[in-house]
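S.K.: Need a 3D model of the sequence below.
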Amino acid sequence: MLFNSSNFLIFFAIFFPFYIVSSRQWRLWVTLIASNIFYAGWDWRFLPLIWLSTMLNYISGLYVEGRPAVLRAAIAANLALLGLFKYFNFFIGSFAELMRDIGLPASPVTLQIILPIGISFYTFHSISYLIDVSRRQMPSEPNLLYFATYVTLFPQLVAGPIVRAKSLLPQIRGGPQVTWAGLGAGLEMVLWGYVLKLCLADNAGPYVDAIFRAPALSTSLADLAGVISFALQIYGDFAGYSLIAIGIGRIMGLDFGVNFAAPYFSASFREFWHRWHISLSTWLRDYLFIPQGGSRGSRLQTIRNLSVTMLLGGLWHGANWTFVIWGMLHGAFLILERLLAPPLAAVERLLHLPSWISKTAATLVVFSLTCFAWIFFRAADLDHAIGLIGILLSFKGYEMTWGAIPPECALIFAMALVVLAVDLGGRSERLRSWYTASLVRRTAGAYALFVLILLFGSFTGQRFIYFQF
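M.R.: Residues are numbered from 1 along each chain as shown. I've put the predicted structure just below:
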């Protein structure tokens with residue numbers, strides 16, 4: 001059930017009136033039932049799997065505090081379920097290919113199963129809950145209704161954001177309260193999320209698909225436009241999904257926090273990961289990077305910790321070597337950034353460069369390298385990624401003529417300029433205060449977003465990219 005589908009609009013139109021009129025306790029039952037219906041809309045056969053995961057982690061949470069063995073067993077069970085459904089074929093296939101490469105016979109046995117949607121997200125929700133309880137950062141949840149509502153809550157169920165239990169469970173226990181302020185703020189988020197998805201991401205999708213499917217049929221400049229278009233697409237797609245989810249949560253009286261904060265304005269990769277998919281990057285930091293030692297040890301240990309964290313972060317996105325390479329590249333960027341920071345700062349002082357020049361140059365470098373890494377993230381396999389990079393480096397057709405860039409890019413980049421203007425405006429505290437202080441301005445802004453969606457939105461029902469993870 002896609003957020004950008006009529007089925008979801010009908011689902012929410014039926015759900016919300018029941019939600020509003022229900023008492024606090026019944027409101028959670030209404031939410032739990034609706035969340036299971038929402039998940040069954042994808043594939044009802046995987047309902048027993050999410051129930052199993054919920055019960056496993058609910059029971060484990062009651063006994064995990066002060067019992068490291070219970071924590072290890074529960075995490076192993078969660079990772080076993082995730083590994084079976086998401087990574088079994090990948091590792092078996094890779095092992096069989098390695099055996100064949102060294103001349104040994106290999107006949108891989110694979111499981112022909114469908115990846116249960118959202119399994120990476122609800123597994124990470126549960127693991128963070130168990131670890132936080134074991135660290136005594138929050139109490140275990142004895143009420144099964146509260147815990148099941150947290151795990152299966154439909155706005156964040158299939159693609160996040162990964163909201164921590166210590167943030168969301170207290171809101172569930174206290175009983176979400178629907179307010180006019182929450183309704184207004186949530187609606188604005190939902191509308192802007194639809195602009196990002198329908199007007200930016202879905203208009204870029206067909207062009208990106210064509211470029212990555214057959215880059216050799218286009219010029220280098222057209223392929224470069226395709227790579228930049230994918231950077232815009234994945235931002236619009238996932239930031240749009242996150243905003244819709246966060247907005248629906250706000251409408252329901254729940255605060256999911258922030259998941260994107262204008263990441264392409266980042267002047268460093270460290271800053272980028274503080275702005276991109278914030279709920280995942282902080283999860284990786286708190287439950288992978290810091291437990292390894294973080295940056296507290298030697299430089300070599302810090303490099304190791306960053307490398308392992310980003311490699312696993314890449315693998316989390318999918319069972320493909322392209323995601324591993326993508327994670328390794330971002331790990332390398334973070335490491336090089338740390339190593340080069342002192343000499344670059346010395347050069348900046350020597351040349352007496354104004355801060356805005358060095359920051360602009362750093363932002364362009366970070367964006368360019370991020371786009372380069374996106375090639376591996378988007379490509380079907382390593383051969384396709386390497387082939388596209390080869391075409392880009394061939395400089396075939398970089399002549400800047402009127403027809404050098406395909407006309408379909410015009411709408412993509414026009415929508416990108418709209419997003420850029422809004423993101424820049426959102427960075428100004430004075431402009432934000434001016435806008436939010438007036439109900440008339442906010443109503444006019446919401447109406448403008450609605451008209452923008454109607455005029456320029458793509459209503460082809462394209463899936464959200466992160467549903468595959």
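S.K.: Who are the contact partners of the residue positioned nearest the centre of the chain?
M.R.: For the chain, the residue sitting closest to the mean C-alpha position, by CA atoms, centre = their mean, is His277 at 4.7 Å. Residues in contact with His277 (CB atoms under 8 Å, 6 or more residues apart in numbering) are Gly160, Pro161, Phe238, Asn259, Phe260. For every residue, glycine as well, the C-beta is placed using N, CA and C.
S.K.: Apply 10 Å and report the result again.
M.R.: 160-162, 238-239, 242, 259-260, 263, 283-284, 313, 317, 466 (CB atoms under 10 Å, 6 or more residues apart in numbering).
S.K.: how about the nearest residue to Leu311, chain neighbours excluded?
M.R.: Gly327 (4.9 Å; CB to CB, 6 or more residues apart in numbering).
S.K.: Can you tell me how far the one you found is from Ile290?
M.R.: For Gly327, the distance to Ile290 equals 18 Å [CB to CB, to the nearest Å].
S.K.: same deal with His274?
M.R.: In terms of CB to CB, His274 sits 15 Å off from Ile290.
S.K.: hang on, the earlier thing: so for Gly327 and Ile290, which residue has more residues nearby?
M.R.: Gly327 (25 against 14; other CB atoms under 10 Å).
S.K.: Show me which residues of whichever strand or helix holds the more buried one are buried.
M.R.: Element membership for Gly327, per DSSP states H and E: helix 321-351. Buried residues in helix 321-351, counted by 16 or more other CB atoms under 10 Å: 321-335, 337-338, 348.
S.K.: Would you format the contacts of His277 as JSON lines with distance to Asn36 included?
M.R.: Listed next are these as JSON lines, based on distance: CB to CB, whole Å:
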{"residue": "Gly160", "distance to Asn36": "19"}
{"residue": "Pro161", "distance to Asn36": "20"}
{"residue": "Ile162", "distance to Asn36": "20"}
{"residue": "Phe238", "distance to Asn36": "25"}
{"residue": "Ala239", "distance to Asn36": "27"}
{"residue": "Ser242", "distance to Asn36": "22"}
{"residue": "Asn259", "distance to Asn36": "24"}
{"residue": "Phe260", "distance to Asn36": "28"}
{"residue": "Pro263", "distance to Asn36": "33"}
{"residue": "Trp283", "distance to Asn36": "25"}
{"residue": "Leu284", "distance to Asn36": "29"}
{"residue": "Gly313", "distance to Asn36": "30"}
{"residue": "His317", "distance to Asn36": "26"}
{"residue": "Tyr466", "distance to Asn36": "21"}
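S.K.: Kindly state the domain boundaries assigned to the chain.
M.R.: The record's domain split for the chain, according to automatic domain parsing, is 6-175, 181-468.
S.K.: Hmm, Pro161 and Thr248 touching each other?
M.R.: Small correction: residue 248 is Ile, not Thr. No - applying CB atoms under 10 Å, one finds Ile248 not in contact with Pro161, separated by 11.8 Å.
S.K.: between these two, what contacts are shared?
M.R.: Joint contacts of Ile248 and Pro161 (CB under 10 Å, 6+ apart) are Pro155, Phe256.
S.K.: could you pull out the helices for the stretch 151-300 of the chain?
M.R.: 165-174, 180-194, 202-213, 220-251, 269-275, 278-284, 290-292, 299-317 (DSSP state H, counting those that start in this stretch).
S.K.: Which one, of those helices, ends up nearest to Leu81?
M.R.: helix 299-317 (14.4 Å; CB to CB).
S.K.: Output the contacting helices and strands for the closest one.
M.R.: Helices and strands touching helix 299-317, by 3 or more CB pairs under 10 Å, 6 or more residues apart in numbering; DSSP states H and E, are helix 68-86, helix 119-134, helix 269-275, helix 278-284, helix 290-292, helix 321-351, helix 355-378.
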